[in-house]
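**Q** show me the folded form of this:
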Amino acid sequence: MKHLAIILDGNRRWARDHRLPSLEGHRRGYENLKTIGLAALERGVEYLSVFAFSTENWKRSQEEVGFLMELFLGALTRELDFFVEHDVRLRVVGRREGLSDKIVDAIDAAQAKTAGGKRGQINVCINYGGRAEIVDAMKKLATAGRDSDDIDETLVAASMWTVGIPEPDMIVRTGGERRLSGFLTWSGVYSELKFVDKYWPDFSVEDLEECLYDFEHRQRRFGE
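**A** This next block holds a predicted model:
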């Protein structure tokens, strides 16, 4: 599998079940991302994309949003050496508007510092929404003055936030929900789907291996 995408769902429910603050669930989820991210790359996955914060997540409490933003900032600054040491490229995908200048600057710096990573690439989707990505691509084409007759799938794909990232082979969602919630709406049209009941902090390397095994034993027809 070249590109695996995961919706990291269930952090808050995991914390509730363990009688911990919901913020602790997010922290445990981030720690698990590092574990699973490295394990995926070790098993031949070249690109791992994770849905970390959607355009709809701004509706959550100010305390939770603030904690998540600090978590992202810490990952992009204080813990950046983790990605450098493991030779991993880091890319942040999503709408920059709404993010603080400090986070935007940290994104640019982190992407530049890890650009030479050869082990693989982790794409963290922050302030991401599938419809928003398509809308922004259309705005980009309109601003460029593109004639409607010239617009095709290739041109639209080149205007997406995910440009340069292969389409995901499989999208996994943890936490028991059976929907994609706007994740990779454009690029994920032919992705295999897998839904896992475990909450993200409990998702193990063994679960990852089961997903990879499942993918390898599926027959993909692409409309044939």
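**Q** what residue lies at the spatial centre of this protein?
**A** Val50 (2.3 Å; CA atoms, centre = their mean).
**Q** run a quick neighbour tally on His18.
**A** Using other CB atoms under 10 Å, His18 has 14 neighbouring residues. Heads up, the C-betas are built off the backbone N, CA and C, glycines and all.
**Q** averaged pLDDT, stretch 217-224. What do you get?
**A** For stretch 217-224, mean pLDDT is 76.
**Q** wait, stretch 77-92
**A** For stretch 77-92, the mean pLDDT works out to 95.
**Q** need the helices for this structure, in chain order.
**A** Assigned by DSSP state H, the helices in the chain fall at 11-17, 22-42, 62-76, 80-85, 101-113, 130-143, 153-157, 205-216.
**Q** which residues does the residue nearest to the centre of the chain bridge with?
**A** Beta bridges link Val50 to Ile6, Val124, judged by DSSP bridges.
**Q** same check on Val93?
**A** Cys125.
**Q** the helices of the chain: which one's closest to Thr55?
**A** Shortest distance between Thr55 and the helices of the chain, using CB to CB, is found for helix 130-143: 5.2 Å.
**Q** what mean pLDDT does the closest one have?
**A** If you average the pLDDT over helix 130-143, you get 96.
**Q** packing partners of it?
**A** helix 153-157 (3 or more CB pairs under 8 Å, 6 or more residues apart in numbering; DSSP states H and E).
**Q** next, the buried residues of the helix it packs on.
**A** For helix 153-157, burial by neighbour count (16 or more other CB atoms under 10 Å) applies to Val156.
**Q** by contact count, what packs against it?
**A** Secondary structure elements in contact with helix 153-157, counted by 3+ CB pairs under 8 Å, 6+ apart, are helix 130-143.
**Q** check what contacts the helix it packs on and list those residues.
**A** Contacting residues not belonging to helix 130-143 are listed as 55, 95, 151, 155-156, 159-162, 180, 182-186 [CB atoms under 8 Å, 6 or more residues apart in numbering].
**Q** make a ChimeraX selection of the buried ones in those.
**A** Filtering these down to the buried ones (16+ other CB under 10 Å) takes a single ChimeraX command:
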select :55,95,156,159,160,161,162,180,182,183,184,185,186
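**Q** if we can go back for a sec, can I get the helices of the chain in JSON lines with distance to Lys194?
**A** Output for the helices of the chain, formatted as JSON lines (distance: least, CB to CB, whole Å):
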{"stretch": "helix 11-17", "distance to Lys194": "19"}
{"stretch": "helix 22-42", "distance to Lys194": "14"}
{"stretch": "helix 62-76", "distance to Lys194": "25"}
{"stretch": "helix 80-85", "distance to Lys194": "26"}
{"stretch": "helix 101-113", "distance to Lys194": "29"}
{"stretch": "helix 130-143", "distance to Lys194": "18"}
{"stretch": "helix 153-157", "distance to Lys194": "24"}
{"stretch": "helix 205-216", "distance to Lys194": "6"}
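**Q** alright, calling it a day.
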